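S.K.: Here is my input, please return the structure:
(4 chains)
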2 protein chains.
Amino acid sequence: MLLDDSIGFLINRTGRRVSQLFALRLSPTGVTTEQWSVLARLCEEDGISQKDLAHRVGKDQTNVTRILDQLERKELIVRRVNPEDRRSYLPSVTDSGRRAYEEIAPIEENVIRLISEGIPPEQLAALKELLSRIADNASSHLNDDRPE
Amino acid sequence: MLLDDSIGFLINRTGRRVSQLFALRLSPTGVTTEQWSVLARLCEEDGISQKDLAHRVGKDQTNVTRILDQLERKELIVRRVNPEDRRSYLPSVTDSGRRAYEEIAPIEENVIRLISEGIPPEQLAALKELLSRIADNASSHLNDDRPE
DNA sequence: ATAATTTAGTTGCTATAACAACTACTTTTC
DNA sequence: GAAAAGTAGTTGTTATAGCAACTAAATTAT
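M.R.: Have a look, this model is predicted:
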């Protein structure tokens, strides 16, 4: 089978391109694409633990730790201790973080518009479905392989 | 717009999962998923420059340099000087590299089978089309933005 | 109630991504 | 044909991905 027929390869190559374009448009804001995903998720659901946050963005917990470090350094979030459980933090978006969110959201929507050019909405919806399906398939086999 | 509705986010999240599963299955071989993509491409078209290779795998030239470093360290490829142009190399797969390719190809096909479970072939084909379209859209806007 | 286990988060490590700046070699220009 | 411009590859740097091992706190078991 040729590389160009491998869905895995195609997904990742496309993802890199999209991120590259998005990163270019984000560069004036000083926020990276992955920092954006974490910040956006936090804006959507504030007051969740880092572990839950990691789950919501589909990232490893260690990566979320480091992305939060960056966001905290930029004062876009703060880590509040969880009064219920002193092992955990409840990261929370600062006012400055909210403003960054408001600034970036339209940039992202524009990038999405650009990369979706010429693709009808039904097909886009179908694409999202398929990607979710593939992610789920991969997850379930990941669990098979490591029966901790 | 919610993060879960962002195609960019969905593509990258799915790509990470797929790579994670593939990496797990590749771990006994000592080759990473990205090293695989470069090795596979080289097996498909031997005797191309690093620049062309980078283009074919959709990676930055600097990343290909470093991935080739890894593959060379593992003796899966060698860099031959290009007699036509002494600035460039023509990376070439070794016998050992070919054997690795033969070993890994079925592993990859199996991973693709797993992640495609329950998706009819026409839909998979449509998915590939859409991903290519999106990658092309992103590329064309990348060029717009940096008119060097 | 204390020891054993589990869990949230972090740190260490290696690989990859991408930009900028650099070296060495080619091609163009005049 | 020598200087100028361009090109192939590398190196430096910062950010992310993910595994393993660690710390500290919570939960469970006895």
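
S.K.: Please report the distance of residue A:92 from chain B.
M.R.: In this view, residue A:92 and chain B are 17 Å apart by Cβ to the nearest Cβ, to the nearest Å. The way it works is simple: take the backbone N, C-alpha and C, and place the C-beta from them, glycine included.

S.K.: now swap in residue A:83 and tell me
M.R.: Computed with Cβ to the nearest Cβ, the distance linking residue A:83 and chain B is 28 Å.

S.K.: Checking residue A:128 next. Helix, strand or coil?
M.R.: Using DSSP: H, G, I helix; E, B strand; the rest coil, the secondary structure recorded for residue A:128 is helix.

S.K.: Run a quick neighbour tally on it.
M.R.: Neighbours of residue A:128 under the rule other Cβ atoms under 10 Å in any protein chain shown: 17.

S.K.: My guess is it contacts residue B:7. True?
M.R.: Yes - taking Cβ atoms under 8 Å as the definition, residue A:128 is a contact partner of residue B:7 at 6.6 Å.

S.K.: The residue nearest to residue A:89 when sequence neighbours are not counted pairs with what?
M.R.: Spatial nearest neighbour of residue A:89, excluding adjacent residues (Cβ to Cβ, 6 or more residues apart in numbering or on different chains): residue A:79 at 4.2 Å. Counting by DSSP bridges, residue A:79 is bridged to residue A:91.

S.K.: Model confidence for residue A:79, exactly?
M.R.: On pLDDT, residue A:79 comes in at 96.

S.K.: And for residue A:143?
M.R.: As predicted, residue A:143 sits at a pLDDT of 76.

S.K.: Next, it: phi, psi?
M.R.: Dihedral pair for residue A:143: phi -70, psi -40, per degrees, to the nearest 10.

S.K.: Just list the residues touching it, thanks.
M.R.: If a contact means Cβ atoms under 8 Å, 6 or more residues apart in numbering or on different chains, then residue A:143 has no contacts.

S.K.: Run through the residues of chain A sitting next to DNA strand D.
M.R.: Within chain A, the positions lying close to DNA strand D (Cβ under 7 Å from any atom of the strand) are A:32, A:34-35, A:59-60, A:62-63, A:66-67, A:70, A:85-87.

S.K.: Quick one, which of the residues you listed are buried?
M.R.: Burial by neighbour count, judged by 16 or more other Cβ atoms under 10 Å in any protein chain shown, picks out A:32, A:34, A:35, A:59, A:67 from these.

S.K.: Just the closest of those residues to chain B, please.
M.R.: Of all those, residue A:59 has the smallest distance to chain B: 7.5 Å, by Cβ to the nearest Cβ.

S.K.: still on that earlier bit, mind listing which of the residues of chain A next to DNA strand D are in helices?
M.R.: Judged by DSSP state H, helices contain the following of these: A:34, A:35, A:62, A:63, A:66, A:67, A:70.

S.K.: okay, now the domains of chain A?
M.R.: As given by automatic domain parsing, the domain ranges for chain A are A:3-117, A:119-148.

S.K.: Could you dump these into TSV with distance to residue B:49 added?
M.R.: Formatted as TSV, the domains of chain A follow (distance: least, Cβ to Cβ, whole Å):
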stretch	distance to residue B:49
domain A:3-117	18
domain A:119-148	33
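
S.K.: How are the helices of chain A distributed by residue range?
M.R.: If DSSP H is used as the criterion, the helices of chain A fall at A:7-26, A:33-44, A:50-57, A:61-73, A:95-115, A:121-145.

S.K.: In a markdown table, list these along with distance to residue B:142.
M.R.: Below are the helices of chain A laid out as a markdown table (distance: least, Cβ to Cβ, whole Å):
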| stretch | distance to residue B:142 |
| --- | --- |
| helix A:7-26 | 5 |
| helix A:33-44 | 14 |
| helix A:50-57 | 25 |
| helix A:61-73 | 24 |
| helix A:95-115 | 10 |
| helix A:121-145 | 21 |
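
S.K.: Any idea which of the ones you listed gets closest to residue B:100?
M.R.: Distance to residue B:100, taken as Cβ to Cβ, is lowest for helix A:7-26 among the helices of chain A, at 17.1 Å.
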